[in-house]
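> No letters, just coordinates:
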């Protein structure tokens, strides 16, 4: 009897995601690919989405080839979409629904952009502040950032609700892995200093919206039995934050090595790794007793920067 209890509590048992079906928006690079690769390593089948089909297909081929070498791995499926368009949410949900009659386990609303970053003014004058924060930011910076980071997750959450609800009836799997939406916000939704967001107020505002939206959606969806949780990453190597010009390598990875970080990260100035973000994702999927929470994964950054966390 004790043997059975101990065996059920091993990491390989707790986080065995065989049969789990996940959707990760913005899954071709950065944090999205960190999430997706962690999930397939533990047996889940993962649909990754993004605007660039060639990027999605490249990483899908590479990671599926690697996963196929070991039994018990899952696989990636690449589907192009634009999260800023409302109709894309239902189109993608319909497409995945045709492929997954038992529904999906978890939707990661991960796709994001960081636009409109400015350098703080050197002089403490209204004219200098106007030049930096007004002239330096365009209306499109706000429109595109919010459409991607905050509005898109709203459309996708509700478009995928039927598939999440269907999952509940999926026998033992549906009972073990309670359906869930995971919102990828950011520590920047809580900072008072704009430096960790590279001076981007559009990004700060959009991630603040996601932080509030996570708990509000969790409350709203209680009657359906669909959980909503969040992950708030700190500094992680992504194209949007650290390599907008150079992009990612063939494995979908980017690096912080040559990036000047204008704020303190106590744990590691190069930022977090795939293990740091992947372990949190596994915990949220496996633990049905967590709902309405956002997990901060920032290496202690908000311990040294003014924040409202």
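Looks like it arrived, so ask away. All values derive from a computational prediction rather than experimental measurement.

> can you give me the offset of the helix or strand hosting residue 230 from its chain's centre?
If you go by DSSP states H and E, residue 230 is part of strand 227-233. Centre-to-centre, strand 227-233 and its host chain are 8 Å apart (Cα atoms, centre = their mean, to the nearest Å).

> name the helices or strands packed onto that strand?
For strand 227-233, the packing partners by 3 or more Cβ pairs under 8 Å, 6 or more residues apart in numbering; DSSP states H and E come out as strand 180-184, helix 201-220, helix 274-286, strand 294-297. For glycine as for every other residue, the C-beta is placed from the backbone atoms N, C-alpha and C.

> closest to residue 57 out of these?
helix 274-286 (20.7 Å; Cβ to Cβ).

> okay, and for the stretch 201-309 of the chain, where does confidence drop off?
Applying pLDDT under 70 to the stretch 201-309 of the chain flags residues 239-260.

> at 80 what do you get?
The model of the stretch 201-309 of the chain has pLDDT under 80 over residues 238-262, 267-270, 309.

> picking up where we left off before, residue 70 is nearest to which of the helices and strands packed on strand 227-233?
Comparison of those against residue 70 by Cβ to Cβ identifies helix 274-286 as nearest, at 16.7 Å.

> what secondary structure does residue 172 sit in?
Taking DSSP: H, G, I helix; E, B strand; the rest coil as the rule, one finds residue 172 in the helix state.

> okay, now it: neighbour count?
For residue 172, the count of nearby residues is 8 (other Cβ atoms under 10 Å).

> I'd like the distance from it to residue 92, if you could.
As judged by Cβ to Cβ, to the nearest Å, residue 172 and residue 92 stand 27 Å apart.

> re the thing from before, paired strands for the strand holding residue 230, with orientation please.
strand 180-184 (parallel), strand 294-297 (parallel) (DSSP bridges).

> Specify the angle between the first one and helix 201-220 in degrees.
So the one you mean is strand 180-184. Calculated by axes from the mean of the first three to the mean of the last three Cα atoms, to 10 degrees, strand 180-184 forms an angle of 160 degrees with helix 201-220.

> Residue 190 is nearest to which of the helices and strands packed on strand 227-233?
Proximity to residue 190 (Cβ to Cβ) singles out helix 201-220 among the helices and strands packed on strand 227-233, at 6.7 Å.

> Check the offset of that closest one from the chain's centre.
Centroid separation for helix 201-220 versus its chain: 13 Å, with Cα atoms, centre = their mean.

> I'd like to know which elements it is packed against.
Helix 201-220 sits against helix 139-146, helix 152-159, strand 180-184, strand 227-233, strand 294-297, with contacts defined as 3+ Cβ pairs under 8 Å, 6+ apart.

> Now with 6 Å, please.
With contacts taken as 3 or more Cβ pairs under 6 Å, 6 or more residues apart in numbering; DSSP states H and E, helix 201-220 sits against helix 139-146, strand 227-233.

> residue contacts, the residue lying closest to residue 132 once chain neighbours are set aside?
With sequence-adjacent residues excluded and distances taken as Cβ to Cβ, 6 or more residues apart in numbering, residue 132 is closest to residue 121, at 4.6 Å. Residues in contact with residue 121 (Cβ atoms under 6 Å, 6 or more residues apart in numbering) are 128-129, 132.
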